[in-house]
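Generate coordinates for the sequence data below:
(2 chains)
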Amino acid sequence: MSSIDSISCLTIALSFWLIQALVSIFAGRKCSNKLSSAFFLFPSLLLCLSAISGWNKDLLVSAPRFFQFGQEVLTMHLDKLSAVYLLLLGLVSTALSFFSPVYMKHLSDRVNSGHFWSALALFMIAMTMLLLSANAVAFLVFWELMSLSSLALVASEHKQRRVQQAGIIYLGATRIATAFLMAGFLAMHAFSHSWVFSDWGQSAFPIWPSFLILIGLCIKAGIWPFHIWLPYAHPAAPSPVSALMSGVMIKIALYAVIRILVSQNLASELLGHVALALGLVSSLWGVLFALVQQDLKKLLAYSSVENLGLILMAIGLAIVAKAQGLPEISLLALSAAILHSFNHGIFKSLLFLSAGAVDCTVHSRDMQQLGGLARKMPLTMAAFLTGAFAISALPPLGGFIGKWMLYQGLLRTAWESSSLAERALGLTSVGTLALVGALALASFAKAFGISFLGNARSKAVAEHASETANGMIFAQIFLSLCALVSGLFAAPAAMQAASVASRALQFNTRTPALAVISLLDQTLYALLLFALIYGVYLAASKRKTYITWECGFGSLSPRCQSSPISFAQPMARIFSLILRFKLLVEITGKDRRNFPEHIKVEPQMVSLLESRVYLPTISWIQNLSRAFAKLQAGSIHLYLLYVCATLVILVLVGTRL
Amino acid sequence: MKELDPNEIYRWLIFLPSLLILPALVLGLLRKTKARLQNRIGAPLFQLLFDLKKLSGKGETLSDAISWIFRSTAALNLSMLLLLSLVCPWLVFKPALGTSDLFYVMYVFAAIRFFTLLAALDSASPFAAFGASREATLSILVEPALMLSFAALAVNAKSSELSRVFEFAANSGVEASAIWAFAGMGILLSSLVELSRMPIDDPTTHLELTMVHEAMILEASGRTLALLEYGQALRMTILFGLVTQCFMHVFPAVIALSLGLKVLLSFLGILFIAISLGIFEVLSVKLRWRRNPDFIAYALTMGLLASLIAVGKGLLS
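As a prediction, this is how the structure comes out:
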């Protein structure tokens, strides 16, 4: 295919979305979900196509002068790095166009479908253009479009108080992120006199603007300690939106770290260390909070914090290793970041869609109400299992290879680096990653086991649950297959990721040498063995079905099963320093110790950062503003006094200077 | 088709029978030692094989709450364990198969744990679910210790490929011996936790004190139980084999070992660990659940010591 193709594909896709955004908003509630999703599918497929056809190209295209931001022409830059993320975006949005119509029908009385599709189309335009922007002004414009359109989507059910609160928190986070980013970009422009990213690499900078940019991007990516908006926004947003935000949007923020800081050489070794540390803390913090969640989507949101932490950690390691002259480790780490971004995007979207399918069917995401879905929704269960298996980084699915490369990178610093501190840091990080991995496995064994296995914990599940509509199933199977393929063909995928990373790191080698393990043959051996053992030995046994053993006390009620809280409680106790997790037990009755009449047990989780840092800060700011508000007393005399005082001060200052 | 190496045939000839006999012998020796020390005669050495035969003949009683997860977990886990037995260098003179990357091996062990947890939750039994919760708790504590121990060895050998890590280097120094000793100790202590043996859990009682692995497999019966029992014994043998290999690597600093001696030692070492564990289990008591992190801290300390030496090794010389 010629190079024009991918650009024209993109242009067509973008104009489709633009038309959809305009038409849907006028159609309002009359907007047909089926028609919209068909209209949405076409540009999504075009996006995949353009990413694939533009894979080996390096295209720099300027839009006609009509599309101008200030003095900057809109320039699009399509190379391998953006193609990876475009492909991810295309795949996820393809799945969404099958998933959304059914899901939106379930929300039809609460959400204006026209507004939803319009915001979704704008969100897609913003993300696509963000991936292609080659200068800071266009980047900021689409960054804002992305923030605001995703805000509109998060607040789809804006009549609920919970959603309003989530919307405000998300809005606040995006404002602060943009403020940091803008300050960083302005500083960069002041030093280099250019808005184009590729010019920034050529001039010398002080260290602080790159930190401003990093902080701005980290807020959007949900990195500790800026992650608090994620667990609010995701449960409030409709599931397809969560899938898109958690699968792609937050990854675009880290893509920008690679695009702006790493590949323009703006990242110093100190920045790398900070990124590494932030990544490590957020992976541990995220997974610890994921473990104790009871809401399926909140659990997934915290797990995003963990995985984005891993990606940032890999980016940090790449920066540090490059600065120390260890190109191989740097390459490994950055490939890990890119590959894990892609894979995590796929299976996290899958998990959000499955959670959405569950929510849609039984109208609950509270694990305490679920259970026993395996027999009612076998395909959704298989899809969630695939996602859970992949996100726990178990071989042979997609999650493993990225983590393997990160492990390799860290392990190799332990003998290749020349400083003792650096080596010890590498090995300690390996140990911490093992802890994070075990915690992630525990949280997803819990999420899957409690919600899908065992017996139904509530009437809604026991009586009403059944397999969801075909569109939802298809979307989940599609993403499951993507996760499977990206896992089984991990070695070629890693090679491609390495070639992307090598360009981003400005290494000259076209085909970087990277030894990656192949899992295909061993997976086959294990499956063969399994078929043999199961088929020959296990399948031949005589079976009878009976109730679960209950110590002879008579049949167990489903509520006797382990609850999500009780499953996580022993682990939460160990980490009680971070997890302010308490079981409040209240026993009432006359002789309450021996003959209680009522026993009430309630788990209580206080988020450490929110209660100790954010809330005090917010109340301090509010108090300060209240003090300032007294200045605005509403009396004309006072205002005249202000005018007079200002004039006097200005005159004084003017004459002195 | 490439020509078969006669050595390769010998390897398989030694390896395949030991895959069946060694797990039975390890478990049998452990139980026999305990029984003799408690003045009992005890079950025959190969009781595991008799048990397997008995269970194979029995029918299965399945809970009405289960899904395909429970039914396939036993077979799935055993197939992964057999794969690991081929991949991990737990015996000298063992046929090799594909990659034996450290992280890969760790995550296949994790996959086994993942399915075991799910099977426990699948049966809808609160008792099994408590077992699963405890298993998950122990795993998060022990995983860093195990990983650090192995990682120290990997740093020592400058490779994460286990078959290369466990090769006998010609001239390893005193530091290497120290790393091997500490890492071996770390892996040994961690494997006690992984296998839910004393002092973490007592697998021989019923309900009162047995809280982890046996609780999780409570609903299994018949052939499923046979697969799980054999799998657990095999897992024990592989882990003890790895520990034995670690301790065997301490020797080259003192004396050189011939191949025959190495093969012999790697078998005897596993049996020796089984007997010592039997003695230890008679003498010790099960820890209170809340004291378990303290015990695991020893494993972690061993891993950290091994890592510290490994990290400093290249810098000092």
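
after the helix or strand B:R71 falls within comes which helix or strand?
B:R71 belongs to helix B:68-87 when assigned by DSSP states H and E. On the C-terminal side of helix B:68-87, the nearest following helix or strand under DSSP H and E is helix B:102-122.

That next one near chain A anywhere?
Yes. Helix B:102-122 reaches chain A (Cβ under 8 Å from any Cβ of the partner chain) through B:103-104, B:106-108, B:110-111, B:113-114, B:117-118, B:120-122. All C-beta spots, glycine's among them, are computed from the backbone N, C-alpha and C.

Which strands and helices lie in contact with the longest helix seen in chain A?
As assigned by DSSP state H, the longest helix anywhere in chain A is helix A:327-362. Applying 3 or more Cβ pairs under 8 Å, 6 or more residues apart in numbering or on different chains; DSSP states H and E, one finds that helix A:327-362 contacts helix A:80-106, helix A:239-244, helix A:250-256, helix A:296-323, helix A:378-391, helix A:398-416, helix A:470-488, helix A:490-504.

next one: the longest one to chain centre, how far?
Mean-position distance between helix A:296-323 and its chain equals 10 Å (Cα atoms, centre = their mean, to the nearest Å).

likewise the first one?
Per Cα atoms, centre = their mean, the displacement of helix A:80-106 from the mean C-alpha position of its chain is 14 Å.

what sits against A:L308?
Counting by Cβ atoms under 8 Å, 6 or more residues apart in numbering or on different chains, A:L308 touches A:A221, A:G222, A:I223, A:I250, A:K251, A:L254, A:S282, A:G286.

Could you give the number of residues near the nearest residue to it once chain neighbours are set aside?
Excluding its sequence neighbours, the residue lying closest to A:L308 (Cβ to Cβ, 6 or more residues apart in numbering or on different chains) is A:A221, at 5.1 Å. Residue neighbour count, defined by other Cβ atoms under 10 Å in any protein chain shown, stands at 29 for A:A221.

Tell me which residues touch A:A221, please.
A:I250, A:K251, A:A253, A:L254, A:V257, A:L308, A:L312.

how about a cut-off of 7 Å?
Residues near A:A221 by Cβ atoms under 7 Å, 6 or more residues apart in numbering or on different chains: A:I250, A:A253, A:L254, A:L308.

Show the pLDDT at the last one.
According to the predicted model, the pLDDT of A:L308 comes to 94.

same thing with the second one?
Reading off the per-residue confidence, A:A253 sits at a pLDDT of 93.

picking up where we left off before, what's the angle from the longest helix of chain A to helix A:470-488?
Taking axes from the mean of the first three to the mean of the last three Cα atoms, to 10 degrees, one finds helix A:327-362 and helix A:470-488 inclined to each other by 160 degrees.

For chain B, what's the nearest residue on the stretch 151-300 of chain A?
With Cβ to the nearest Cβ as the measure, A:L291 is the residue of the stretch 151-300 of chain A nearest to chain B, at 8.9 Å.

give the contact list for the residue lying closest to that residue once chain neighbours are set aside.
With Cβ to Cβ, 6+ apart as the criterion, A:L291 has its nearest non-adjacent residue at 4.5 Å, and that residue is A:S443. A:S443 sits next to A:V287, A:A290, A:L291, A:L299, A:S303 when contact means Cβ under 7 Å, 6+ apart.

The third one: what's it in contact with?
The neighbourhood of A:L291, defined by Cβ under 7 Å, 6+ apart, consists of A:L439, A:A442, A:S443, A:A568, A:M571, A:A572.

Low-confidence regions, chain A specifically.
Scanning chain A with the threshold set as pLDDT under 70 gives A:1-4, A:65, A:70, A:509-515, A:591-593.

The nearest residue to A:A95 once chain neighbours are set aside: neighbouring residues, count only.
Using Cβ to Cβ, 6+ apart and skipping the chain neighbours, the partner closest in space to A:A95 is A:A475 (4.2 Å). Counted with other Cβ under 10 Å, residues neighbouring A:A475 total 30.

shouldn't A:A475 be in contact with A:S97?
No. In this structure, A:A475 is not within contact of A:S97 by Cβ atoms under 7 Å, at 8.2 Å.

surely A:F123 meets A:L148?
No. Applying Cβ under 7 Å, one finds A:F123 not in contact with A:L148, separated by 9.2 Å.

And those two? Which one has more around it.
Neighbour count, other Cβ under 10 Å: between A:F123 and A:L148, A:F123 has more, with 27 against 16.

List the contacts of that one.
A:M146, A:S149, A:S150, A:L153, A:L244.

now those residues in a markdown table, with neighbour count?
Below are these laid out as a markdown table (neighbours: other Cβ atoms under 10 Å in any protein chain shown):
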| residue | neighbour count |
| --- | --- |
| A:M146 | 25 |
| A:S149 | 21 |
| A:S150 | 25 |
| A:L153 | 24 |
| A:L244 | 26 |
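
and the residues you listed, which of them are in strands?
Members of the contacts of A:F123 lying in strands (criterion: DSSP state E): none.

Now tabulate those residues in TSV and tack on distance to B:L209.
Shown next, in TSV, are the contacts of A:F123 (distance: Cβ to Cβ, whole Å):
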residue	distance to B:L209
A:M146	57
A:S149	58
A:S150	53
A:L153	53
A:L244	50
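
Among those, which lie within helices?
A:M146, A:S149, A:S150, A:L153, A:L244.

now A:L132: how far from chain B?
35 Å (Cβ to the nearest Cβ, to the nearest Å).

meant to ask about A:K105, not that
Counting by Cβ to the nearest Cβ - A:K105 and chain B are separated by 28 Å.

I'd guessed that residue sits against A:N33; true?
Yes. When contacts are counted by Cβ under 7 Å, A:K105 is listed as touching A:N33 (6.2 Å).

Which residue of the two possesses the greater neighbour count?
Neighbour count, other Cβ under 10 Å: between A:K105 and A:N33, A:N33 has more, with 20 against 15.

ok, back up a step: would you list the buried entries among the residues of helix B:102-122 next to chain A?
With burial judged by 16 or more other Cβ atoms under 10 Å in any protein chain shown, the buried subset of those is B:103-104, B:106-108, B:110-111, B:113-114, B:117-118, B:120-122.

A:A483: neighbour count?
Neighbour tally, A:A483, other Cβ under 10 Å: 24.

so who does it touch?
Taking Cβ under 7 Å, 6+ apart as the test, what A:A483 contacts is A:I346, A:F347, A:L350, A:T386, A:G387, A:A390, A:L397, A:G398.

burial measure for the last one, as a count.
A total of 30 residues lie near A:G398 under the criterion other Cβ under 10 Å.

Could you do the first one as well?
Other residues lying near A:I346 total 31 when counted by other Cβ under 10 Å.

OK, contacts around it?
A:L91, A:G398, A:L479, A:C482, A:A483, A:S486.

Pick the one among the residues you listed closest to chain B.
Nearest to chain B among those, with distances taken as Cβ to the nearest Cβ, is A:G398, at 12.9 Å.

Next, see if stretch B:129-147 gets close to chain A.
Yes. Using Cβ under 7 Å from any Cβ of the partner chain, stretch B:129-147 reaches chain A at B:A129, B:F130, B:S133, B:R134, B:A136, B:T137, B:S139, B:I140, B:E143, B:P144, B:M147.
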